[in-house]
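Peer 1: sharing a model prediction with you, sequence too.
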Amino acid sequence: MNKQAYAAAAVVDSIAATVRGSRSVRPVTKTALMPVLAAASPPQAAGMAIGLAGSWAGDVALLGDSDTAFRTGLFSFLVAHLGYTTALARRSTPGSRKAVIPIVAASAAGAAVFAKAAGPLGKPVGLYALTLGTMVAAASTTRGPGARRVLGGAALFAVSDALLGASRFVLRGRAARVASAGVMPTYAAAQWLLHTGFKTSNG
């Protein structure tokens, strides 16, 4: 039932994010996502709990459109990724870190691109992108039954944030709307995979 509740919340919010006139609904649908996820898959480590709380705070902040709201959201998700990174790094195994350098290098390149496109928000956007890349790198080092799910969740998180950054800073018109429509579905799936994958790998 909890899995179905989270899926329903994710679908409703994803639709609400794209339908004009549904803005008043999102303070309910978007802020419900992380609490529903916590009920469906309770955090199995302090770092995962920090990730969940930081994500919830980021969801709330990004209900606003101002640069201040965006900065607050970035900071909240940066804290979330630090929590996730800590939890995932503790589940790494010897010899599992081969992909870390390429992932971090790719993240640095992406961070530079988005930082330049973000203008006055360039520095916080660049720092956030590097932090996200570090989390993805940490996810690549996990091993165990849920490892693929964890890495898939981390990768989808990167996709979601790339779509968000592209829709806000790079694209215009229809292309921006299409990219924006993909943000919440990939984000909701990312969170589900991260938490349920970590729970599986944690036994």
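Peer 2: That came through, no problem.
Peer 1: ok, longest helix in the protein?
Peer 2: helix 67-89 (DSSP state H).
Peer 1: residue contacts, the residue nearest in space to the middle of the chain?
Peer 2: Nearest to the geometric centre of the chain sits F157, at 4.0 Å (C-alpha atoms, centre = their mean). Going by C-beta atoms under 8 Å, 6 or more residues apart in numbering, F157 touches 132, 135-136, 186-187, 190-191, 194. C-beta: built from backbone N, CA, C; applies to glycine.
Peer 1: which of the residues in the helix or strand bottoming out on mean pLDDT in the chain are buried?
Peer 2: Taking mean pLDDT, DSSP states H and E as the measure, the chain has helix 100-117 as its least confident helix or strand, at a mean of 83. Buried residues in helix 100-117, counting neighbours by 16 or more other C-beta atoms under 10 Å, are found at 100, 103, 107, 110-111, 113-115, 117.
Peer 1: shaky segments in the protein?
Peer 2: For the chain, residues meeting the criterion pLDDT under 70 lie at 1, 94-97, 99, 201-203.
Peer 1: show me where it has strands.
Peer 2: Counting by DSSP state E, one finds no strands in the chain.
Peer 1: can you pull out the helices in it?
Peer 2: So, for the chain - with DSSP H - the helices run 2-18, 26-40, 46-61, 67-89, 100-117, 122-140, 147-165, 173-181, 183-201.
Peer 1: ok, residues contacting the second one?
Peer 2: Contacts of helix 26-40 with the rest of the structure, by C-beta under 8 Å, 6+ apart, involve 2-3, 5-6, 9-10, 12-13, 16-17, 52-53, 55-56, 59-60, 63, 184, 188, 191-192, 195.
Peer 1: quick check: angle from it to helix 67-89?
Peer 2: 10 degrees (axes from the mean of the first three to the mean of the last three C-alpha atoms, to 10 degrees).
Peer 1: do the fifth one as well
Peer 2: Here helix 100-117 runs at an angle of 180 degrees relative to helix 67-89 (the same axes, to 10 degrees).
Peer 1: same for helix 100-117, what does it pack against?
Peer 2: Secondary-structure packing of helix 100-117 (3 or more C-beta pairs under 8 Å, 6 or more residues apart in numbering; DSSP states H and E): helix 122-140, helix 147-165.
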